[in-house]
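Colleague: Here is the input, now give the coordinates:
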Amino acid sequence: MMTESGVAVNGYPSLGEIKEANGWPSGERFQRGPVAVIECVQEIPCNPCEEACPFSAIAVRSPITAIPRLNEEICTGCGLCVPKCPGLAIFIVDKSLGGGRASVSFPFEYLPLPRPGDAAEAVNRASEFVCAATVTRVSAPSRNDHTPVVTIELPLEFADAVRGIRRPGAGAALAPEAADCRQAIPDDILVCRCEEITAGEIRRAIVEGGADTVTGVKRRVRAGMGLCQGKSCGRVVTRMIAEYAGKTIPELLPATDRPPVRPISFGELGGDDDA
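Modeller: Numbers count the residues shown, from 1 in each chain. Next comes the predicted model:
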């Protein structure tokens, strides 16, 4: 259902798109406690979520480009799948807190990290402000591989919409004269996981190589040229360009997608042998 809205148009999936592709936990399951919500709506070769679940509650199976599905009756809401998703597309939602409150846990690959007790500005899938929230937990064990998981408490009515928080100290424009966050991502952190491109390489492409567009960075260091075609790293690259090149995020166009958008076999390229 990718028409006037959805991941292909806006860069983030619509709620209807998510429910159609991945399913959605039932109201009764939400009331029993925390449960995973998967928001991976495109066919890409990826299955770390399936391997990460100790209860086999997530199924991708074959082919590896299949969209993951959750068995809500098996899922315990443990959250082990959240930091393992390269696309940062899995969340833990708990609507059982009572008192009109809920919690949402999400991957947060920015610095500085918030701390439990901090007030936060909760945002939706489009990074738009939704409501005030309170950070209740920050989990960053070594097994998360540099992907902390942040849990916030917020009004129950916003639990289906909120999927993150604004980075502390980040302004809307993110120009160089704004709060200095140029060293927020250490040089050795992988930004483009498909091509194993670090933040330092991207930073040098912008500062020394003169790349002031997402495509410019892509041409210089290959960030965004991997199997996911920038679905995982595109937003971070865009933000880094805005920080260094003195541009606002809306001014920066995404890189051009190149077909095929998912791996295909030589047989598919060659066509039917009998033709």
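Colleague: ok, residue 237 to residue 46 distance?
Modeller: Taking C-beta to C-beta, to the nearest Å as the measure, residue 237 and residue 46 are separated by 19 Å. (C-beta placed from N, C-alpha, C; glycine too.)
Colleague: So those two - more neighbours on which side?
Modeller: A count of neighbours by other C-beta atoms under 10 Å puts residue 237 above the other of residue 237 and residue 46, at 29 against 24.
Colleague: residue contacts, that one?
Modeller: Residues counted as contacts of residue 237 (C-beta atoms under 8 Å, 6 or more residues apart in numbering) are 191, 192, 202, 214, 217, 223, 224, 230.
Colleague: The same query, at a cut-off of 6 Å, please.
Modeller: Taking C-beta atoms under 6 Å, 6 or more residues apart in numbering, we find residue 237 in contact with 214, 217, 223.
Colleague: What residues sit buried inside stretch 10-22?
Modeller: Residues of stretch 10-22 classed as buried under the neighbour-count rule (16 or more other C-beta atoms under 10 Å) are 11, 12, 13, 14, 17, 18, 21, 22.
Colleague: Ok, stretch 115-130 next?
Modeller: Of the residues in stretch 115-130, those buried under the neighbour-count criterion (16+ other C-beta under 10 Å) are 118, 120, 122, 123, 124, 125, 127, 130.
Colleague: helices and strands around the helix or strand containing the last one, which ones?
Modeller: Secondary structure here is read from DSSP states H and E; on that basis residue 130 sits in strand 129-139. With contacts defined as 3 or more C-beta pairs under 6 Å, 6 or more residues apart in numbering; DSSP states H and E, strand 129-139 has these neighbours: strand 119-123, strand 149-155.
Colleague: quick one: which of those strands is nearest residue 87?
Modeller: The closest of those to residue 87 is strand 149-155. By C-beta to C-beta, the value is 14.8 Å.
Colleague: avg pLDDT for the helix or strand just after the closest one?
Modeller: Read in the C-terminal direction, the helix or strand following strand 149-155 is strand 164-165, with elements assigned using DSSP H and E. Confidence for strand 164-165, expressed as mean pLDDT, is 96.
Colleague: In contact with residue 120, which residues?
Modeller: Taking C-beta under 6 Å, 6+ apart, we find residue 120 in contact with 133, 135, 152, 165.
Colleague: hmm, try it at 7 Å
Modeller: For residue 120, the contacting residues are 114, 133, 134, 135, 152, 165, by C-beta atoms under 7 Å, 6 or more residues apart in numbering.
Colleague: Only C-alpha atoms, please: export stretch 23-37 in CSV.
Modeller: Written as CSV, here are the backbone C-alpha positions of stretch 23-37 (Å, rounded to 0.1, in the frame of the first residue of the first chain):
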residue,chain,number,x,y,z
GLY,A,23,1.1,-7.7,11.6
TRP,A,24,0.3,-5.9,14.8
PRO,A,25,0.0,-7.3,18.4
SER,A,26,-3.6,-7.7,19.5
GLY,A,27,-5.1,-5.4,22.2
GLU,A,28,-5.2,-8.4,24.6
ARG,A,29,-1.5,-9.1,24.0
PHE,A,30,-0.6,-5.5,24.7
GLN,A,31,-2.4,-5.6,28.0
ARG,A,32,-0.5,-8.7,29.1
GLY,A,33,2.9,-6.9,29.1
PRO,A,34,5.8,-5.8,26.9
VAL,A,35,5.8,-7.1,23.3
ALA,A,36,7.9,-6.6,20.2
VAL,A,37,6.5,-4.4,17.4
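Colleague: To residue 75, which of the helices and strands packed on strand 129-139 lies closest?
Modeller: strand 149-155 (15.8 Å).
Colleague: neighbouring contacts of the closest one?
Modeller: When contacts are taken as C-beta under 7 Å, 6+ apart, the neighbours of strand 149-155 outside the stretch itself are 79, 82-83, 100-108, 114, 120, 122, 131, 133-139, 162, 165.
Colleague: for that strand, what is the average pLDDT?
Modeller: Summarised as a single mean, pLDDT over strand 149-155 is 97.
Colleague: got the buried residues for that strand?
Modeller: Within strand 149-155, the residues that count as buried by 16+ other C-beta under 10 Å are 149, 150, 151, 152, 153, 154, 155.
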